[in-house]
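Asks: sequence and predicted structure, then a few things I'm wondering about:
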Amino acid sequence: MVALTDKDQKRLTTQTAEIAPNTTAIRSLDWDRDRFDIEFGLQNGTTYNSFIIRGEKTALVDTSHEKFRKLYLDTLTELINPTEIDYIVISHTEPDHSGLVKDILQLNPDATVVGSKVALQFLEDMVHQPFKKQIVKNGEVLDLGNGHELEFVSAPNLHWPDTMFTYDRQTQVLYTCDAFGLHYCDEYTFDEDLGAIEADFRFYYDCLMAPNARSVLSAMKRMDELGKVSTIATGHGPLLQHNVTELTARYRNWSQTKAKAETTVAVFYVSDYGYSDRLSQSIASGITKTGVAVEMVDMRASDLQEIQELVSRSAGIVISMPPTSANSSVKTALSTVLAAAKGKQAIGLYESGGGDDEPIDPLLIKFRDLGLSEAFPAIRIKDSPTENTYKLCEEAGTDLGQWLTRDRSIKELKAIDSNLEKALGRISSGLYIITAQKGDLTSAMLASWVSQASFTPLGLTIAVAKDRAIESLMLVGDRFVLNVLEEGNHLHLMKHFLKRFAPGADRFAGIKTQTAENGSPILTDALAYLECVVTARMETSDHWIVYSTVDAGRVSKPEALTAVHHRKVGNYY
């Protein structure tokens, strides 16, 4: 293992392991990384995985993040003379996987770069130099000799438009880049401890793959045609070998649930401009929380007929503004979206943060003239996005999804048997405010489905609706405060936190708070508070059941009583 520690004491190491005959993994371990593309918080760091396959010829599958340049290149050259690399296989061109392709080509200009047509087009813009290339399509095979036949599987939008998988028929190893990965860093090469990784595996899916559920299912259908897959060599986190069947089944089930959604939103972005792809991912994540399906389209690499068909069946459209200097294919794609749009659809527009965005207002006026309704105020970005910017985007997406499903939700409420709903409503509960802070992000919500769940350790459960803004701050490892409201002194807090907040709004404006030891706000007017840390989550149809242990607490008025909530019916709050 090679190690490097920078001035901020951020640990970067590399690890090598033989994962199959003539197959070596180079894992770049980023132990202390706590954010991924700013918008997604990480609890356990991450890794960037690269692979060497040796037959009569040698292939390098993916590289690493540029922050590992020296470490990675030193490790690679210890394993192989770069001039002996015949092929560089590009799973996709996102910089954390292809960031060092240019460096490899400088060491070996004779290497042939293998990838999808779109990937090689994107790569030309990244390396700015001529290189040998070989375009491959779904089902095509590259024979390295000695039995190592690499079959390529088209997997667009997982989670970039140029993604492909690579399957080695001899070793039964499937190289999937982002798909089936997770942001988790430890010294174990494989998924030996399912319990340790499954929360991060699900979080990664929800952030990156859920907005592309239909594309996940399409890729998995092609995977089924390959035959047995003994190992999934992911681009991030441990490789899957011990739990391949279990974890791929989870992907399939989650994606089938998402794909069955009655309502779809089309999200259009330009992946190589500004922060377009990251912002669109945040908006898409917010939309999927509401049970609405999302299909994401990179306007650089899109089929016009598919765009037209997608827009015609979508209830909503979200567009990242492209640069004024966008090429003709992007402008044509945008014109196709506008031509296919129709009245009663929802529209949402946002700037990409690239500094040269097309103006929002002229395009918004055109959509309004067609009868489309603005689902959220246009997001205008003047500086580089912050954590709060990405949170605003996620909340805007949630608002859009809720707006599209409001009629269905009302219909479902009316469909429940009145006797049943009245009986269920007789389950009383206390009134609480959950407050949380992570980094620069803060959030809060009124809660009543709270119950003590264990004595040793002291623990409690909270039911959190999937579309609540605070849900993304209550993942395993996150800390929050449970504020207990006082009977007779709770209406002002209850009314404040019951109101609907605009995306990105400060939920604590006008409310007296102090800071807990775990960093979250304590409501000064609360009867009591408990400092908690999330240790497990269980999924139900529309809520997460969050189990948390309690670290500290205090009661301000020992003789006062907890405010109690009595509902008339049990099918809404």
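Replies: Alright, I've got the coordinates.
Asks: residue 554 reaches residue 528, doesn't it?
Replies: Yes: taking C-beta atoms under 8 Å as the definition, residue 554 is a contact partner of residue 528 at 6.4 Å. For every residue, glycine as well, the C-beta is placed using N, CA and C.
Asks: who has more neighbours, those two?
Replies: residue 528 (19 against 11; other C-beta atoms under 10 Å).
Asks: got the phi and psi for the more buried one?
Replies: Main-chain dihedrals, residue 528, degrees, to the nearest 10: phi -160, psi 170.
Asks: which residues touch it?
Replies: By C-beta atoms under 8 Å, 6 or more residues apart in numbering, the contact set of residue 528 is 483-484, 553-556.
Asks: who's it bridged to?
Replies: residue 484, residue 555 (DSSP bridges).
Asks: which residues touch stretch 196-210?
Replies: 40, 43-44, 158-159, 178-179, 181-184, 186, 191, 216, 236-238, 247, 250-251, 254-255, 258, 281, 285, 288, 294, 475-476, 536-537.
Asks: start and end of it, how far apart?
Replies: Criterion C-alpha to C-alpha, to the nearest Å; first-to-last residue distance in stretch 196-210 is 21 Å.
Asks: then stretch 547-565?
Replies: End-to-end distance for stretch 547-565: 21 Å, by C-alpha to C-alpha.
Asks: from the chain's centre, how far out does it sit?
Replies: Its chain's average C-alpha position is 34 Å from that of stretch 547-565, according to C-alpha atoms, centre = their mean, to the nearest Å.
Asks: mind giving me the PyMOL command for buried ones among the contacts of residue 528?
Replies: Burial among these is assessed by 16 or more other C-beta atoms under 10 Å; the matching PyMOL selection reads:
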select buried, resi 483+484
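Asks: nearest to residue 519, of the contacts of residue 528?
Replies: Nearest to residue 519 among the contacts of residue 528, counting by C-beta to C-beta, is residue 483 at 14.7 Å.
Asks: tell me the contacts of that closest one?
Replies: 432-435, 522-523, 526, 528-529.
Asks: show the contacting residues for the closest residue to it other than its chain neighbours.
Replies: Leaving aside its chain neighbours, residue 483 sits nearest to residue 526 (3.9 Å; criterion: C-beta to C-beta, 6 or more residues apart in numbering). Neighbouring residues of residue 526 by C-beta under 8 Å, 6+ apart: 433, 483-486, 493, 556.
Asks: let me have those in CSV, extended by distance to residue 51 and pLDDT.
Replies: Below are those laid out as CSV (distance: C-beta to C-beta, whole Å; pLDDT from 0 to 100):
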residue, distance to residue 51, pLDDT
433, 49, 97
483, 49, 98
484, 53, 97
485, 55, 97
486, 59, 96
493, 54, 96
556, 58, 94
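Asks: make JSON lines from those residues and add distance to residue 331 to it.
Replies: JSON lines is the format used below for the contacts of residue 526 (distance: C-beta to C-beta, whole Å):
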{"residue": "433", "distance to residue 331": "48"}
{"residue": "483", "distance to residue 331": "51"}
{"residue": "484", "distance to residue 331": "56"}
{"residue": "485", "distance to residue 331": "54"}
{"residue": "486", "distance to residue 331": "59"}
{"residue": "493", "distance to residue 331": "51"}
{"residue": "556", "distance to residue 331": "61"}
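Asks: quick check, nearest of the residues you listed to residue 222?
Replies: The closest of the contacts of residue 526, once distances to residue 222 are taken by C-beta to C-beta, is residue 433, at 47.9 Å.
Asks: who are the packing partners of the helix or strand hosting the closest one?
Replies: Taking DSSP states H and E as the criterion, the element that holds residue 433 is strand 432-438. Judged by 3 or more C-beta pairs under 8 Å, 6 or more residues apart in numbering; DSSP states H and E, the packing partners of strand 432-438 are strand 441-447, strand 479-484, strand 521-523.
Asks: out of those strands, which is the most enclosed?
Replies: Mean neighbour counts were taken over the helices and strands packed on strand 432-438 using mean count of other C-beta atoms under 10 Å, and the top value, a mean of 25, falls to strand 479-484.
Asks: mind listing what's buried in whichever helix or strand comes after that strand?
Replies: Using DSSP H and E, the helix or strand that follows strand 479-484 in sequence is helix 491-498. Neighbour counts over helix 491-498 (16+ other C-beta under 10 Å) mark 493, 496-497 as buried.
Asks: which residues touch the residue nearest to residue 17 when sequence neighbours are not counted?
Replies: Excluding the flanking residues, the one nearest residue 17 by C-beta to C-beta, 6+ apart is residue 189, at 4.4 Å. Taking C-beta under 8 Å, 6+ apart, we find residue 189 in contact with 15, 17, 19, 25, 27, 238-239.
Asks: can you say which of those are buried?
Replies: 15, 19, 25, 27, 238-239.
Asks: specify which member of those is nearest to residue 549.
Replies: Among those, and counting by C-beta to C-beta, the member closest to residue 549 is residue 238, at 26.0 Å.
Asks: correct me if wrong: that closest one contacts residue 190.
Replies: Yes: counting by C-beta under 8 Å, residue 238 does reach residue 190; the two are 5.6 Å apart.
Asks: residue 116 touches residue 162, doesn't it?
Replies: Yes: contact criterion C-beta under 8 Å: residue 116 and residue 162 qualify, at 5.2 Å.
Asks: any idea which helix or strand comes after the helix or strand where residue 287 lies?
Replies: Taking DSSP H and E as the criterion, residue 287 maps to helix 276-288. Next in sequence after helix 276-288, counting helices and strands by DSSP H and E, comes strand 293-298.
Asks: give me the sheet partners of that next one and which way each runs.
Replies: Counting by DSSP bridges, strand 293-298 is paired with strand 264-269 (parallel).
Asks: okay, and the beta partners of residue 142?
Replies: residue 150.
Asks: against residue 89, how distant is it?
Replies: Residue 142 sits at a distance of 8 Å from residue 89 (criterion: C-beta to C-beta, to the nearest Å).
Asks: so those two - more neighbours on which side?
Replies: residue 89 (23 against 20).
Asks: thinking again about what came up before, separate out the buried members of the contacts of stretch 196-210.
Replies: Counted by 16+ other C-beta under 10 Å, those give 40, 44, 158-159, 178-179, 181-184, 186, 191, 216, 236-238, 247, 250-251, 254-255, 258, 281, 285, 288, 294, 475-476, 537 as buried.
Asks: residue 381: which of the contacts of residue 483 is nearest?
Replies: Comparing the contacts of residue 483 against residue 381 with C-beta to C-beta places residue 435 closest, at 27.4 Å.
Asks: any idea how far that closest one is from residue 77?
Replies: Residue 435 is 51 Å from residue 77, by C-beta to C-beta.
Asks: if you count surrounding residues, which of those two has more?
Replies: Neighbour totals were compared for residue 435 and residue 77, and residue 435 leads with 27 against 11 (other C-beta under 10 Å).
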